[in-house]
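Q: Provided below for reference: sequence and predicted model.
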Amino acid sequence: MQKTRWAILGPGAIAESFAKWLPSSEHGELRAVASRDPERAAVFATRYGAEISGTYAEILARDDVDAVYVATVHTTHADLAVAALEAGKAVLCEKPLAPSAAETERVLAAAERAGLPVVEAYKHRFSPLARAIDRRLQWGQVTLPLQVRTQFGFEAGSRDGRLFDPELAGGAIFDVGGYPVSFAVAVAASAGVALEHLNLEAAHGRVGGATGHVEGGVDVYSTAWLGAEGFTAYVDCSIDTQLSKRADIVGDGGWITLESAFGERDLSPTTLDHFHDGRRTTIEVAQVHPFAAEADAVSRALRDGRLESRAMPWEQTRTVARLLDAWHATVMAGVR
């Protein structure tokens, strides 16, 4: 298999991790770096050994780039992804693929027209631990009715920057809320829940399925309840409070618990506790570098002529985008 020649679009903090770990991938190599500021792109390219740098338009026009990693602010994801696809490049895009369901559909439609893969980079979905959870649900070791509880949050400290800018789709829901939502969506899919039936639902007497705290036009802490027949998920996110990365799946016949469902930025989670058939076991799996695993997922899709990754299929990307839209709209509508 030939190496996939990558370009990074947006040489920011998250791109540092991608550039650091891409050499650990089986099939990828860093070819180019692009930015609105060519000098910034050149400095980043030199630091990570990329041969080429330039503006977005200059890099996308090249025929020696096969795929791009979109690592810019949320509100620019869709435009850059569509431009890359129209230029004949596969796309790995940081989450969320776009900060609305409509924009997400625009990107996926562009991928269909181009016949090229688009993969949304929810890093925990590309780990061996995710496959271990999927298998146990598919094997019926934990079955419907299911209840999921998971959360992701951190204390940002300073109230400036993109996280607290509503014009840049700031806030907890779009920045970290997608992690617990994507976890819940994956569990539902593996358990056989029809994802089109998964929606916000009223729970514990709360109307609308979500609540949260808003400051300066962005949500800083929020909780949502997701439901379908036989399935309920409680998800929390925050950018002003440290939350655990724990996840619990409880159902008929057993349960699965992860003390760290999402791992660290550069390392995947490795352990789950599983209770089934009257016995509790601890499952250990291999650790991977998430950025390398994401890149390889794109490379394999390119090789096989597929438009999506099996680890994060488009049906799940669409469902997560729809649920984040509804969650965000419900919380913002509650602002007085």
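A: Alright, I've got the coordinates. The model shown is predicted, which means the values in this text are computed figures rather than measured ones. Numbers count the residues shown, from 1 in each chain.

Q: got a list of what Ala130 touches?
A: Shown in contact with Ala130 (CB atoms under 8 Å, 6 or more residues apart in numbering): 124, 186, 311. Just so you know, the C-beta spots here come from the backbone N, C-alpha and C atoms, and that holds for glycine as well.

Q: in helices, which of those residues fall?
A: Among those, the ones falling in helices (DSSP state H) are Ala186.

Q: please tabulate the contacts of Ala130 in TSV, including the columns pLDDT, neighbour count and distance to Val193.
A: Putting the contacts of Ala130 into TSV (pLDDT from 0 to 100; neighbours: other CB atoms under 10 Å; distance: CB to CB, whole Å) gives the following:
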residue	pLDDT	neighbour count	distance to Val193
His124	97	25	19
Ala186	98	25	11
Ala311	97	22	18
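
Q: quick one: which of the contacts of Ala130 is nearest Ile249?
A: Checking those against Ile249 by CB to CB gives Ala186 as the nearest, at 10.4 Å.

Q: if I look at that closest one, how far off is Trp139?
A: According to CB to CB, to the nearest Å, Ala186 and Trp139 sit 15 Å apart.

Q: what does Ala228 give?
A: Using CB to CB, Ala228 is found at 21 Å from Trp139.

Q: could you check which of those two is surrounded by more residues?
A: Taking other CB atoms under 10 Å, Ala228 and Trp139 do not tie; Ala228 has more neighbours (19 against 11).

Q: show me what the more buried one is bridged to.
A: Note on Ala228: beta-bridge partners Phe231, judged by DSSP bridges.

Q: which residues touch it?
A: By CB under 8 Å, 6+ apart, the contact list for Ala228 reads 188, 193-194, 197-199.

Q: inside strands: which ones of the residues you listed?
A: Those of these mapping onto strands are Asn199, per DSSP state E.

Q: how about the contacts of Ala228 in JSON lines, adding pLDDT and distance to Tyr234?
A: Below are these laid out as JSON lines (pLDDT from 0 to 100; distance: CB to CB, whole Å):
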{"residue": "Ala188", "pLDDT": "98", "distance to Tyr234": "13"}
{"residue": "Val193", "pLDDT": "97", "distance to Tyr234": "16"}
{"residue": "Ala194", "pLDDT": "97", "distance to Tyr234": "20"}
{"residue": "His197", "pLDDT": "95", "distance to Tyr234": "18"}
{"residue": "Leu198", "pLDDT": "96", "distance to Tyr234": "13"}
{"residue": "Asn199", "pLDDT": "94", "distance to Tyr234": "14"}
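
Q: and the contacts of Ala228, which are buried?
A: Among these, those classed as buried by 16 or more other CB atoms under 10 Å are 188, 193, 198.

Q: sorry, back to before: going by distance to Met1, which of the contacts of Ala130 wins?
A: Nearest to Met1 out of these is Ala311 (CB to CB; 17.9 Å).

Q: how near is that closest one to Val288?
A: To Val288, Ala311 is 11 Å away according to CB to CB.

Q: what touches both of those two?
A: Common neighbours of Ala311 and Val288, counting by CB under 8 Å, 6+ apart, are Phe126.

Q: one step back: if we only consider the contacts of Ala130, which is nearest to Thr55?
A: Distances from Thr55 to the contacts of Ala130, taken by CB to CB, are shortest for Ala311, at 31.5 Å.

Q: tell me if I'm right that that closest one and Phe126 touch.
A: Yes: with contact defined as CB atoms under 8 Å, Ala311 counts as touching Phe126 (4.9 Å).

Q: mind listing the shared neighbours of the two?
A: Ala297.

Q: just send the contacts of Ala130 back as JSON lines, with distance to Phe275 too.
A: Formatted as JSON lines, these follow (distance: CB to CB, whole Å):
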{"residue": "His124", "distance to Phe275": "22"}
{"residue": "Ala186", "distance to Phe275": "20"}
{"residue": "Ala311", "distance to Phe275": "26"}
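
Q: quick check, nearest of the contacts of Ala130 to Ile52?
A: Ranked by distance to Ile52 (CB to CB), these are led by Ala311 at 29.1 Å.

Q: I figured Asp240 hits Glu155, correct?
A: Yes: with contact defined as CB under 8 Å, Asp240 counts as touching Glu155 (6.0 Å).

Q: compare neighbour counts for those two and give me the winner.
A: More neighbours surround Asp240 than the other of Asp240 and Glu155, with 18 against 10 (other CB under 10 Å).

Q: still on that earlier bit, how about the buried ones among the contacts of Ala228 in CSV, adding distance to Ala295?
A: Formatted as CSV, these follow (distance: CB to CB, whole Å):
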residue, distance to Ala295
Ala188, 27
Val193, 30
Leu198, 29
